[in-house]
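Pasting the sequence and the predicted coordinates here, then a few questions.
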Amino acid sequence: MELSKRQTQIVEIVKRHGPITGRKIAEKLSLIRATLRPDLTLLTMAGLLEARPRVGYYYTGKTPTVLIANTIQQIKVGDLKSVPAVIRETSTVYDAAVQMFLEDKGTLFVVREGGYLEGVVSRKDLLKTAMGGADLHKMPIGVIMTRMPNLITTTPEEPLLIAAQKLIAKEVDALPVVRAVIDENGQEALEVVGRITKTTITKIFVELGNGR
Ligand code: ADP
C-alpha cells in the first residue's frame, strides 16, 4: 500500500503524539477534521492506526509489509485448492499424456479405487519414458510414477505459505491436497481432495497485489 503525503504525515503525528484525537491531528496539519476523515478511515482499515473511543488514534506498529505478511499467513490451503486431475495406476503412459493434454495439466495424481493417493506423474516423467523408447501404449504409469514415501503432500488446514515453501524446497510444480482416512480394508490411506500448484500461488500473488 502506497501512502499519500498527507497519510504519511498523519502516521508520523500519531507515532509521536498518540493516542491523539482526530481533531488534534487536524489542528497540527492546519486542516479541519472532516478533511482528514477519509485518510483516517483508510489508515485504520489498513491496520496502521487503531481508533479507541474517547482516547483517539494510536499507531499499531505494523508496517505495510508486516500487514501483508499477516494476511498471507492467514490463508489456508483449503481456501484455494482446485479440483485435482487424477488418473488410475493401471492407465498407460500414453493415456496419461492424452489426459494431460486434454485437461491442460502438467501433473496428474495417481489414485487407486476410492480416490486414494498412490503416486504423482509429471510431464518430465512422461518425457523420460518416451526418451527411453518404451512402448507408451503398454507401459502402465504405476511403473514410472513417483510413489510413497516420496510424495510431498499438503492438507486443507495447512497454511498456503507452508505449501508454497514445499513447492520451492522440493522443486515440484504441484502438491496433492489430502485427508488422512481409513480405507475399506481398515488401512490408513490418503484421500485426494484437491491440488495446489505454482499457478495457485501466482493467482493469490496477483489478487493480493490488486488489493483484494
Ligand atoms: P515437471 O515434470 O514439469 O518438471 P515437476 O517438477 O513437478 O514437473 O516434477 C519433477 C519430478 O518430481 C517428477 O519426477 C515428478 O514425478 C515428481 N513430483 C512432482 N510432484 C511431486 C510431489 N508432489 N511429490 C513428490 N514428487 C513429485
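Yes, it's here.

list the buried ones in the host helix or strand of residue 14?
Element membership for residue 14 (DSSP states H and E) is helix 5-17. Using 16 or more other Cβ atoms under 10 Å as the test for burial, helix 5-17 gives 7, 10-11, 13-14. C-betas here are computed from N, CA, C, even on glycine.

How about stretch 157-176?
Those would be 158-161, 163-164, 166-167, 172, 174-176, for stretch 157-176 by 16+ other Cβ under 10 Å.

cool, and stretch 28-36?
Neighbour-count burial for stretch 28-36 flags residue 36 (criterion: 16+ other Cβ under 10 Å).

which residues are in contact with it?
6, 9-10, 13, 17, 22-23, 25-26 (Cβ atoms under 8 Å, 6 or more residues apart in numbering).

what's the first-to-last distance across stretch 81-88?
End-to-end distance of stretch 81-88 (Cα to Cα, to the nearest Å): 21 Å.

What is the burial count for the closest residue to residue 200 other than its chain neighbours?
Leaving aside its chain neighbours, residue 200 sits nearest to residue 80 (5.5 Å; criterion: Cβ to Cβ, 6 or more residues apart in numbering). If you count neighbours by other Cβ atoms under 10 Å, residue 80 ends up with 18.

Show me the shaky parts of this protein.
Filtered on pLDDT under 70, the chain yields the residue ranges 1.

ok, which stretches of it are strands?
For the chain, the strands defined by DSSP state E cover 49-52, 56-59, 86-88, 107-112, 116-122, 146-147, 174-182, 188-197.

quick one, which of those strands is packed in tightest?
Neighbour counts (mean count of other Cβ atoms under 10 Å) averaged over each of these peak at strand 107-112, with a mean of 23.

Compute the inter-axis angle for that strand and strand 174-182.
20 degrees (axes from the mean of the first three to the mean of the last three Cα atoms, to 10 degrees).

interface residues of this protein facing the ligand?
106-107, 120-125, 146, 150-152, 171-175 (Cβ under 6 Å from any ligand atom).

cutoff 8 Å now
Residues of the chain found near the ligand (Cβ under 8 Å from any ligand atom) are 106-107, 119-128, 145-146, 150-153, 166, 170-176.

Dead centre of this structure: give me the residue that sits there.
In the chain, the C-alpha nearest the mean C-alpha coordinate belongs to residue 160, at 3.9 Å (Cα atoms, centre = their mean).

Check the gap between the spatially most distant residue from the centre of the chain and the ligand for me.
For the chain, the residue at maximal distance from the C-alpha centroid (Cα atoms, centre = their mean) is residue 30, at 44.6 Å. As judged by Cβ to the nearest ligand atom, to the nearest Å, residue 30 and the ligand stand 60 Å apart.
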